[in-house]
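**Q** Below are the sequence and a predicted model; questions follow.
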Amino acid sequence: MQKKLFLPVFMLFVLTGLVCPQSYDIVIKGGLVIDPKNRINELTDIAIKDGKIIQVGKDIDPKSAVQVVNATGMIVTPGLIDIHAHVFAGTEPDHYLSNGVLALPPDGFTFRVGITTVVDAGGAGWKSFPAFRKNVIENSRTRVLAFLNIVGEGMRGGAYEQDTRDMDPKLSALLAAQYKDDIVGFKVAHYAGAEWTVVDRAVEAGRIANLPVMIDFGSATPPLPLEDLFLNHLRPGDIYTHAYAMLEGNIRETIVDEELKIVKPFVWEARKRGILFDVGYGGGSFNYSQALPAIKSSFYPDCISTDLHTGSMNSAMKDLLNVMSTFLAMGMDLPVVIKASTWDPARTIRRPDLGNLSAGSGADIAILKILKGNFGFWDKTGYKMEGSQKLGCEMTIRAGKIVYDLNGIASPIVIRSR
């Protein structure tokens, strides 16, 4: 008799409100939400259900959630997007950043710093991309996208990256059409020729596929002129990476006049034309002698990125939060730094579904904290800036699941093996 009566009585409790099914998987309470797309910069709550953001608003009932995250005193942002990293990790010691040992598996180096989307910057070309997709993209919880190298072998280093016979715009564009959910553009890197062949072929691939091109430009002596690159070869929406670099040996022109300490006039013209500028900090692609005059004159990066690989992470770069903190130390405001690490990168790779906290969007979220203390930010020359604050990551949520929780701010804590 008891078994027969259980279901009707239970349903009666549900209908009368005595038993209340939980409405949300996660509610984030009390954080300072900074969402540049939606112009939100205020204390408010976020509710998540089935991998989506359901509500952004004040006073969301925590009792309606399976898990509650106490974000008091913390900053809640869209999941960070690093559009210049090298994650085609492999086991081939002579493959450099294309299935090589210097690239890094993404999940170990993304979630712990708030990154939910990473873009591999040219590790794979049209020949090697299927292996990259099978080995890395399909086996990562991080969302992994790619700028496809115009060189078919990808970023294998040495003679491979100088072989113009392996730079095929039509095959590159064809592959991008085949894998349109994974490939967001094309990449030029490390070409030492004294002509525009590699740039023009990458731009041709971009024209065919209607995708942007990222340019890691120049190692010719004397360097090819940046003004020619920006105004005669690239298109609006194309990306110049390593924007604040000054390389030894006079192999790449700089955007800041080192004597006058001003951004060159044609660089401003390029920005007005729609050329985008990316940090790509790297192991040796960031100089304060370039960055400080540029930031002082409000020539801010469109995208803040790392150029992540084993060399850069163990040198001055370290990780995306350190690079973001570097720009805070140079005088950029926090909302501007967050915009250059979330919404602007999303627009740059033409993925407006990312980098925001709109209701209905995927629940990719970073919860950050401003650490107070004495911090040093130095570049490859040994120049050091000191700062009193630095960003740290408390929690990362990817597709509505907590994938990193530094101090156990979720209640209850749920342990997941993957």
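**A** Here it is on my side, so go on. Residues are numbered from 1 along each chain as shown.
**Q** tell me the centre residue of this structure?
**A** Against the mean C-alpha coordinate of the chain, by CA atoms, centre = their mean, the closest residue is Asp82 at 1.3 Å.
**Q** From the contact counts, what lies against the one helix or strand it maps to?
**A** Assigned by DSSP states H and E, Asp82 belongs to strand 80-85. On a contact count with 3 or more CB pairs under 8 Å, 6 or more residues apart in numbering; DSSP states H and E, strand 80-85 meets strand 115-125, helix 343-348. C-beta: built from backbone N, CA, C; applies to glycine.
**Q** what's the following helix or strand after it?
**A** strand 89-92.
**Q** That following strand - what's its average pLDDT?
**A** Strand 89-92 carries an average pLDDT of 94.
**Q** can you give me the strands in the stretch 201-350 of the chain?
**A** Here the stretch 201-350 of the chain has its strands, by DSSP state E, counting those that start in this stretch, at 213-216, 239-240, 256-257, 262-263, 276-277.
**Q** what's the spacing between the nearest residue in space to Lys170 that is not next to it in sequence and Leu224?
**A** Leaving aside its chain neighbours, Lys170 sits nearest to Ile208 (6.8 Å; criterion: CB to CB, 6 or more residues apart in numbering). Distance, Ile208 to Leu224, using CB to CB, to the nearest Å: 24 Å.
**Q** Looking at the two, which one has more neighbours?
**A** The neighbour count for Ile208 versus Leu224, taken as other CB atoms under 10 Å, is higher for Leu224 (20 against 16).
**Q** is it true that the more buried one touches Val198?
**A** No. With contact defined as CB atoms under 8 Å, Leu224 does not reach Val198; the gap is 10.8 Å.
**Q** what's the distance between Arg207 and Glu138?
**A** Counting by CB to CB, the gap from Arg207 to Glu138 is 29 Å.
**Q** Would you mind telling me which of these two has more residues around it?
**A** Comparing Arg207 with Glu138 by neighbour count (other CB under 10 Å), the higher total belongs to Arg207, at 13 against 10.
**Q** Need the nearest residue in space to Lys401, chain neighbours excluded.
**A** Closest to Lys401 by CB to CB, 6+ apart is Arg416, at 7.2 Å.
**Q** same deal with Met214?
**A** In space, Met214 is closest to Ile239, 4.4 Å off (CB to CB, 6+ apart).
**Q** Check Leu171 too.
**A** That would be Trp126: by CB to CB, 6+ apart, it lies 4.8 Å from Leu171.
**Q** Ok, Met317 next?
**A** Using CB to CB, 6+ apart, the nearest residue to Met317 is Tyr281, at 4.4 Å.
**Q** again with Phe217
**A** That would be Leu229: by CB to CB, 6+ apart, it lies 6.1 Å from Phe217.
**Q** list the contacts for the one you found?
**A** Residues near Leu229 by CB atoms under 8 Å, 6 or more residues apart in numbering: 196, 199, 215, 217, 240.
**Q** neighbours around the nearest residue to the first one once chain neighbours are set aside, how many?
**A** Once its chain neighbours are removed from consideration, Trp196 has its nearest residue in His233; the separation is 5.9 Å (CB to CB, 6+ apart). Here the count is done by other CB under 10 Å, and His233 has 17 residues near it.
**Q** can you check Glu386 too?
**A** Residues lying near Glu386 (other CB under 10 Å) number 10.
**Q** next one: Lys264
**A** Lys264 has 16 nearby residues by other CB under 10 Å.
**Q** That one is in contact with Ile255, isn't it?
**A** Yes. Between Lys264 and Ile255 there is a contact under CB under 8 Å: 6.2 Å.
**Q** shared neighbours of the two, anything?
**A** The contact sets of Lys264 and Ile255 overlap at Leu226 (CB under 8 Å, 6+ apart).
**Q** still on that earlier bit, mean neighbour count, the helices and strands packed on strand 80-85: which tops it?
**A** Comparing the helices and strands packed on strand 80-85 by mean neighbour count (mean count of other CB atoms under 10 Å), strand 115-125 comes out on top with a mean of 30.
**Q** what does the next helix or strand after that one rub up against?
**A** For strand 115-125, the following helix or strand on the C-terminal side (DSSP H and E) is helix 129-135. Residues from elsewhere that reach helix 129-135 (CB under 8 Å, 6+ apart): 88, 90, 98-99, 120, 123-124, 146, 148, 154, 175, 179, 182-183.
**Q** what's the burial count for Ile413?
**A** Applying other CB under 10 Å, we find 10 residues neighbouring Ile413.
**Q** Could you do Lys63 as well?
**A** Neighbours of Lys63 under the rule other CB under 10 Å: 10.
**Q** again, but for Ile60
**A** Ile60 is flanked by 21 other residues according to other CB under 10 Å.
**Q** who are the neighbours in contact with it?
**A** Ile60 is in contact with 24, 27, 29, 45-47, counting by CB under 8 Å, 6+ apart.
**Q** For the spatially closest residue to it that is not a sequence neighbour, which three-state class applies?
**A** With sequence-adjacent residues excluded and distances taken as CB to CB, 6+ apart, Ile60 is closest to Asp45, at 4.1 Å. Classification of Asp45 by DSSP: H, G, I helix; E, B strand; the rest coil places it in strand.
**Q** Any idea what Asp45 is bridged to?
**A** Legend: beta-bridge partners of Asp45 under DSSP bridges are Gly57.
**Q** so it sits right up against Asp59, yeah?
**A** Yes. Under the criterion of CB under 8 Å, Asp45 makes contact with Asp59 at 7.0 Å.
**Q** before we move on, the earlier item: how about TSV for the strands of the stretch 201-350 of the chain, with mean neighbour count, mean pLDDT and distance to Trp343 added?
**A** Shown next, in TSV, are these (neighbours: other CB atoms under 10 Å; pLDDT from 0 to 100; distance: least, CB to CB, whole Å):
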stretch	mean neighbour count	mean pLDDT	distance to Trp343
strand 213-216	27	96	18
strand 239-240	26	98	16
strand 256-257	18	96	26
strand 262-263	18	98	24
strand 276-277	22	98	13
